[in-house]
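**Q** Please find the sequence and the predicted model below.
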Amino acid sequence: MRQIAFRQALREAMQEEMRRDDRVFLMGEEVAEYNGAYKVSQGMLDEFGPKRVIDTPIAELGFTAIGVGAAQNGLRPVLEFMTWNFAVLALDQILNTASKMLAMSGGQVGCPIVFRGPNGSAGQLGAQHSTAFESYYANIPGLKVISVSNPYDAKGLLKAAIRDDDPVVFMESEVMYGDMGEVPEEEYIIPIGKADIKRAGKDVTIVSFNKMMKVALGAAEELAKEGIEAEVIDLRTIRPLDWFTILESVKKTNRLVIVEEQWPFSSVSSEISYRIQKEGFDYLDAPIRRITAADAPMHYAPNLVKLYLPDIERTVKLVKEVMYMKK
């Protein structure tokens, strides 16, 4: 199977859906003339023209309002934020209009729109450019939240998101746009709301999403050297949360470790922990454990960046603790 970059997988998803449905259009900062801040939309202006690939001012609230209004009037916009850190300026439109209008209108007015862009940290970018937002948006009824870790899932889930009749928050990562992965040339769509077992195992379940999947899979590789077979699950979708796949894994492994880039309070791991202890308490042989970002803004200094984020070494240590191997 061919190997393509993460950014190309996203581009192909948008191109295919725009060729299929002329109601789909792309709008955001630098998506047209500059071919995208991260070159995700490279060549799309040449193919689809300025009416369907639209450069906007640096005004997130303004162009998000235009997109939400367009969606409510029959179009299917894809809005690119240069980073989800900037999208807080547009939260009023996402929270108070896009997510609520179907309920407020008694089912008469929907909002089929995709909000997409890079999320979380990307090295030494300072505190204001380094927040992971999955749990923020997953807390909002009416939104679907997707957070992908590889090119195959990115393409299949972005196509599903564009076709979905609800507003979808689509989280990527600046540090993954160049990642290569196998993506078939034929069309495929991945259903929203389905987690995926990336590595089978029997001793412990490790759950993660987005770029922290690299930590989860890296930890599994290290554990395998010591004879520990970790089952690694990629959530892919945060809301709706596929906790049933996690539960079925825990029934087999009896242990659960969660790795995420969120701050710890009210995080995705908090919700997973509640669900699994409620539905699978009798299957657990150890407390559910998690490793998250530090409960603080992420500083610029490289030594503090390293301490801030989950890593393979600490994940391995945590797995050994739930297996009662060493403290």
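**A** Happy to help now that I have it.

**Q** Can you give me the domain boundaries for the protein?
**A** As assigned by the TED database, the chain contains the domains 2-183, 196-323.

**Q** okay, those domains in TSV with distance to residue 189 next?
**A** (C-beta placed from N, C-alpha, C; glycine too.) Shown next, in TSV, are the domains of the chain (distance: least, CB to CB, whole Å):
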stretch	distance to residue 189
domain 2-183	5
domain 196-323	13
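
**Q** could you dump those domains to TSV with mean pLDDT and mean neighbour count?
**A** Output for the domains of the chain, formatted as TSV (pLDDT from 0 to 100; neighbours: other CB atoms under 10 Å):
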stretch	mean pLDDT	mean neighbour count
domain 2-183	97	20
domain 196-323	97	19
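
**Q** So which of those domains is nearest residue 190?
**A** For residue 190, the closest of the domains of the chain is domain 2-183, at 3.3 Å, according to CB to CB.

**Q** end to end, how far does that closest one reach?
**A** Domain 2-183 has an end-to-end distance of 6 Å (CA to CA, to the nearest Å).

**Q** Next: stretch 244-261.
**A** 22 Å.

**Q** so how far is it off the chain centroid?
**A** Here stretch 244-261 is found 19 Å from its chain centre; the criterion is CA atoms, centre = their mean, to the nearest Å.

**Q** Check stretch 311-327 too.
**A** 25 Å.

**Q** Just the C-alpha atoms of it, please, in CSV.
**A** Taking C-alpha atoms only, stretch 311-327 is exported to CSV below (Å, rounded to 0.1, in the frame of the first residue of the first chain):
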residue,chain,number,x,y,z
ASP,A,311,6.7,10.2,28.0
ILE,A,312,7.5,6.6,27.4
GLU,A,313,9.7,6.2,30.5
ARG,A,314,7.0,7.3,32.9
THR,A,315,4.3,5.4,31.1
VAL,A,316,6.3,2.2,31.4
LYS,A,317,6.8,2.9,35.1
LEU,A,318,3.0,3.4,35.6
VAL,A,319,2.2,0.1,33.8
LYS,A,320,4.6,-1.7,36.1
GLU,A,321,2.9,-0.2,39.1
VAL,A,322,-0.6,-1.4,38.1
MET,A,323,1.0,-4.8,37.5
TYR,A,324,2.6,-4.6,41.0
MET,A,325,6.0,-5.3,39.6
LYS,A,326,7.9,-2.3,41.1
LYS,A,327,7.3,1.1,42.6
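
**Q** can you list contacts of that stretch?
**A** 203-204, 206, 215-216, 218-219, 222-223, 228, 230, 255-257, 259, 286-287, 289, 291 (CB atoms under 8 Å, 6 or more residues apart in numbering).

**Q** Which members of those occur in helices, if any?
**A** 215, 216, 218, 219, 222, 223 (DSSP state H).

**Q** Redo the residues you listed as JSON lines? Include distance to residue 171.
**A** As requested, these are arranged in JSON lines below (distance: CB to CB, whole Å):
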{"residue": "215", "distance to residue 171": "16"}
{"residue": "216", "distance to residue 171": "16"}
{"residue": "218", "distance to residue 171": "20"}
{"residue": "219", "distance to residue 171": "22"}
{"residue": "222", "distance to residue 171": "27"}
{"residue": "223", "distance to residue 171": "27"}
